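J.: Here is my input, please return the structure:
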Amino acid sequence: MHFEFDPSVGRLDGETDPGLYASKPYLQLKAIHRLATAVTRAATMDEVFEAAIQGMLTALPITRAAILTWGEDGRMHFRAWMGLSDRYREVADGHSPWSRDAIEPEPILMADPLQEPLSQELKAVLRSEGIHGLAFIPLLYQGRLLGKLMVYADQPGDIHPDVVQLAQTLAGHVAFSLGRRQAEEAHRATERRLRRILRNLPVVFYDAEAPHPMATTWVSENVAEVTGYTEEELKTVPDLWEQVIHPEDHLQLHKALDQTRSTGSAVVEYRLRRKDGRWIWLLDHMERVDLKPDGVMRIVGVLTDISERRLQEESHRESQRLEGIGLLAGGIAHDFNNLLTAMTGSLNLAQMKLPSESSVHAHLGNLESILERASNLTRQMLDYSGRGKLHVATMDLNRTVQDMTGLLRVSISKQAQLLVMPSPRLPAVLADATQIHQVVMNLVTNASEAIGEREGTITLSTRVECLTADHLPMAPPSLPMSPGAYVVLEVSDTGCGISAEALPRIFDPFFTTKATGRGLGLSALLGILRAHQGGVRVTSRPSGGTTVTIYLPSHDAGEPQAKATRRAQILVVDDEPMILLNAAELMAGLGLDAVTAKNGREALEWIQGNPDGFALVLMDQIMPGVDGRTTARLIHQLDPDLPIILSSGFSLETSELGEGVAGFLPKPYSLAQLRKVLSQYGLA
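T.: Residues are numbered from 1 along each chain as shown. Okay, the predicted model is just below:
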């Protein structure tokens, strides 16, 4: 930075005696005073550099000076100067008489630089600039070399010991300010780095005081992501932590605090209600830092969200429990079937030996009906255990649902409306058709009974989902499923829903939420899915309806000749299920196959996992998680030739579409509008 000389800087405020402010001691004192003031008050280092150079030019018989500091390239570069040409700075820039790791280097005085071992280029520029002497004054801070202060003589002999001494004094002030600011910036950089680390760690750090469980004095920024509460809320709202901890877990938390007080540390798990009302499990590692005379204990700790681990543990325990019940049910059913076989045989023998006109035949017929019902019950028990006999074959789930629609409509309440929404071109499944019929009938019947005498809707839909290991159904019951493509059958209703207390038990044998239960209920469904290597997910809330999602492994018949006649595939991505279904049906009407994904992550999985590729992607712009533009950019990186059309209710300019996006389709769109877009790519 270049400065112009200001002669007024040599005058103390209020002084008018020219003899006073022209004296050398006065000017030197003034230069030191001005620089010290700048060091104290300056907002930037440029102001400090300016004060140092102005002070030297005021107090010394020189007209040129400069300050150089180390750059990121390990060389010294000009930071401030006065009276130096561009040519000189170009030649001299980057030079230093000391190495960067020099310890306490001494000033260097060159009374006649033309006699020194300098480069010819530098000597030439010194000669042309009229520089007759050089002084190199090191900028030292705590023994480290930060740069140099340069003093230039206009006449031989201008740089003498007094000049060097004052320059060293001024250099000391500059180095102190520069070193302190570098240390402060390093401290701020470290703090920013630690904040980033803490913000991205999956744990929360805190500093608190007890006897209150969490009178928080400090907590890491990411606490809001874990709990929903901000740092300010946790520090200012009295007893907030106490209020949001589950009432059943207060005692064990207080025991952990008592243990920390006596032994110095403790580990405890407890439930906490997030700000959005959801309960999470936290693992709290706490350690005592200080125990004051008044009994107040200061603790530091680390909180880890272990909700997923607890859910996995619960799912594993539930699976083991249900598996144990299944083994027991299967064993009982097997032995009971043997008894029923013997009883039925004896009954038939009795029927054969009785005269045809005997009145006992009626009683034996009733007994035969009872034995048949008992036999049906044992079959359900075998189904629950997953040991029932399967007659598997390749089947089209859409065809099965279509064939059952008439029977389902007459089987449900007259107040209930059945909506069937099949996804077009559904892959086949390898399954026992009779058992799948039973699953569909049971689910729709349960949905109808949940609606009762009120008006309501039952929606029966199918689709394909590609499940990764992270998205397999985890909530109890957890069946052994592998990542991959699954054909999904989903039954949802607008009925009474299931309470949170009853939901974990709905797959228990003979458990029911109805006034009068019968049979094994959903436990038989669980056995059927276990035998088919499938899975189930149930979501429900009181008065909010229930959704049961069934997963069956997709079965690829693997016919090579089908590839040649296969219709073009379109990937439709949207977080609204109804839009996905409508778009898929529109595509089918245009002679195209549609694969659906409900978010950006699923879309990327389809792109990477579909060996046949897609002809086009139609994607919603605004989706939770990864939005449309980001997903489009990632898809474009995987397949630069794949056309991607964004769709949104908000209008977007072409410049706003983002990388890899070929066009825009505004919502709502008609079949004609969709056909027009597809026709641009030869697809309609």
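J.: State the three-state secondary structure for S356.
T.: coil (DSSP: H, G, I helix; E, B strand; the rest coil).
J.: Number of residues surrounding it?
T.: By the criterion of other Cβ atoms under 10 Å, S356 has 6 neighbours. Backbone N, C-alpha and C define where each C-beta goes, glycine included.
J.: Provide the backbone phi and psi angles at it.
T.: phi -60, psi -30 (degrees, to the nearest 10).
J.: With H187 instead?
T.: phi -60, psi -40.
J.: so I159 sits in a strand?
T.: No. Assessed with three-state DSSP, I159 is coil; it does not lie in a strand.
J.: dump the residue contacts of it.
T.: Going by Cβ atoms under 8 Å, 6 or more residues apart in numbering, I159 touches I62, L109, A111, G133, L134, A135, V151, A153.
J.: Among those residues, which ones are in helices?
T.: Among the contacts of I159, DSSP state H puts none in helices.
J.: so which of these would you say is closest to D627?
T.: Taking Cβ to Cβ as the measure, D627 lies nearest V151 of the contacts of I159, at 60.1 Å.
J.: That closest one contacts H160, correct?
T.: No. V151 is beyond contact range of H160, at 10.9 Å (criterion: Cβ atoms under 8 Å).
J.: ok, and the nearest residue to T400 once chain neighbours are set aside, which helix or strand is that part of?
T.: Using Cβ to Cβ, 6 or more residues apart in numbering and skipping residues adjacent in sequence, the residue nearest T400 is I436, 6.0 Å away. Per DSSP states H and E, I436 falls inside helix 433-451.
J.: and if you look at V289?
T.: strand 279-291.
J.: likewise Y229?
T.: Using DSSP H and E, Y229 falls outside every helix and strand.
J.: Excluding its own residues, what touches stretch 629-643? List them.
T.: Identification of contacts with stretch 629-643 by Cβ under 8 Å, 6+ apart yields 573, 600, 603-604, 607-608, 613-617, 619, 621, 623, 626, 644, 646, 657-663, 681.
J.: Would you mind listing the buried residues in that stretch?
T.: R629, T631, A632, L634, I635, H636, L642, P643 (16 or more other Cβ atoms under 10 Å).
J.: what's the spacing between the second one and E605?
T.: Between T631 and E605 the distance, using Cβ to Cβ, to the nearest Å, works out to 11 Å.
J.: Given whatever helix or strand comes next after the helix holding I436, what are its sheet partners and their directions?
T.: For helix 433-451, the succeeding helix or strand toward the C-terminus, using DSSP H and E, is strand 456-467. With DSSP bridges as the test, strand 456-467 is paired with strand 416-421 (parallel), strand 484-493 (antiparallel).
J.: re earlier: quick one: buried residues of the helix holding I436?
T.: Under the neighbour-count criterion of 16+ other Cβ under 10 Å, helix 433-451 has 435-436, 438-440, 442-451 buried.
J.: repeat for stretch 162-175
T.: Buried, per 16+ other Cβ under 10 Å, within stretch 162-175: V163, V164, L166, A167, Q168, T169, L170, A171, G172, H173, V174, A175.
J.: How far does that stretch sit from its chain's centre?
T.: Relative to the centre of its chain, stretch 162-175 is centred 55 Å away, using Cα atoms, centre = their mean, to the nearest Å.
J.: Just give the nearest non-adjacent residue to L443, would you?
T.: Spatial nearest neighbour of L443, excluding adjacent residues (Cβ to Cβ, 6+ apart): V491 at 4.2 Å.
J.: Next up, the contacts around the one you found.
T.: V491 is in contact with V440, L443, V444, A447, I458, T459, L460, T547, V548, I550, counting by Cβ under 8 Å, 6+ apart.
J.: at 10 Å instead, please
T.: 439-440, 442-447, 458-461, 546-550 (Cβ atoms under 10 Å, 6 or more residues apart in numbering).
J.: likewise K123?
T.: Contact analysis of K123 by Cβ under 10 Å, 6+ apart lists V91, P113, L114, Q115, E116, P117.
J.: Tell me how the chain divides into domains.
T.: 7-186, 202-305, 316-384, 392-555, 562-679 (automatic domain parsing).
J.: and these as a markdown table, adding mean pLDDT and distance to R195?
T.: Shown next, in a markdown table, are these (pLDDT from 0 to 100; distance: least, Cβ to Cβ, whole Å):
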| stretch | mean pLDDT | distance to R195 |
| --- | --- | --- |
| domain 7-186 | 81 | 15 |
| domain 202-305 | 86 | 7 |
| domain 316-384 | 72 | 37 |
| domain 392-555 | 82 | 28 |
| domain 562-679 | 78 | 25 |
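J.: between those, which gets nearest to L194?
T.: In terms of Cβ to Cβ, the element of the domains of the chain nearest to L194 is domain 202-305, at 9.5 Å.
J.: Could you tell me how far that closest one lies from the centre of the chain?
T.: Counting by Cα atoms, centre = their mean, domain 202-305 is centred 24 Å from the centre of its parent chain.
J.: picking up where we left off before, comparing the strands paired with strand 456-467, which stretch has the densest surroundings?
T.: Among the strands paired with strand 456-467, strand 484-493 has the highest mean neighbour count (mean count of other Cβ atoms under 10 Å), at a mean of 22.
J.: Just the CA atoms of that strand, as CSV, please.
T.: Only the C-alpha atoms of strand 484-493 are listed here, as CSV (Å, rounded to 0.1, in the frame of the first residue of the first chain):
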residue,chain,number,x,y,z
GLY,A,484,-32.8,-54.4,-3.3
ALA,A,485,-35.9,-53.9,-5.4
TYR,A,486,-39.3,-54.7,-3.8
VAL,A,487,-42.8,-54.8,-5.1
VAL,A,488,-44.9,-52.8,-2.6
LEU,A,489,-48.6,-53.4,-1.6
GLU,A,490,-49.9,-50.6,0.5
VAL,A,491,-53.3,-50.5,2.3
SER,A,492,-54.3,-47.2,4.0
ASP,A,493,-57.5,-46.2,5.6
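J.: Against which helices or strands is the helix or strand that comes right after it packed?
T.: Using DSSP H and E, the next helix or strand after strand 484-493 towards the C-terminus is helix 522-531. The contact analysis (3 or more Cβ pairs under 10 Å, 6 or more residues apart in numbering; DSSP states H and E) places helix 522-531 against helix 307-353, helix 360-385, strand 428-432, helix 433-451, strand 535-540, strand 546-555.
J.: and with 6 Å instead?
T.: Helix 522-531 sits against helix 360-385, helix 433-451, with contacts defined as 3 or more Cβ pairs under 6 Å, 6 or more residues apart in numbering; DSSP states H and E.
J.: got the angle between the helix holding I436 and strand 428-432?
T.: 90 degrees (axes from the mean of the first three to the mean of the last three Cα atoms, to 10 degrees).
J.: and the angle from helix 433-451 to helix 522-531?
T.: Between helix 433-451 and helix 522-531, the angle comes out at 140 degrees (the same axes, to 10 degrees).
J.: got a list of contacts for helix 433-451?
T.: 395, 404, 408, 412-413, 416, 458, 491, 493, 495-496, 525, 528, 548 (Cβ atoms under 6 Å, 6 or more residues apart in numbering).
J.: okay if I get those as CSV plus distance to V302?
T.: Formatted as CSV, these follow (distance: Cβ to Cβ, whole Å):
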residue, distance to V302
M395, 52
M404, 54
L408, 54
I412, 53
S413, 54
A416, 52
I458, 48
V491, 44
D493, 44
G495, 44
C496, 43
L525, 43
I528, 45
V548, 39
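J.: Good, we can wrap up now.
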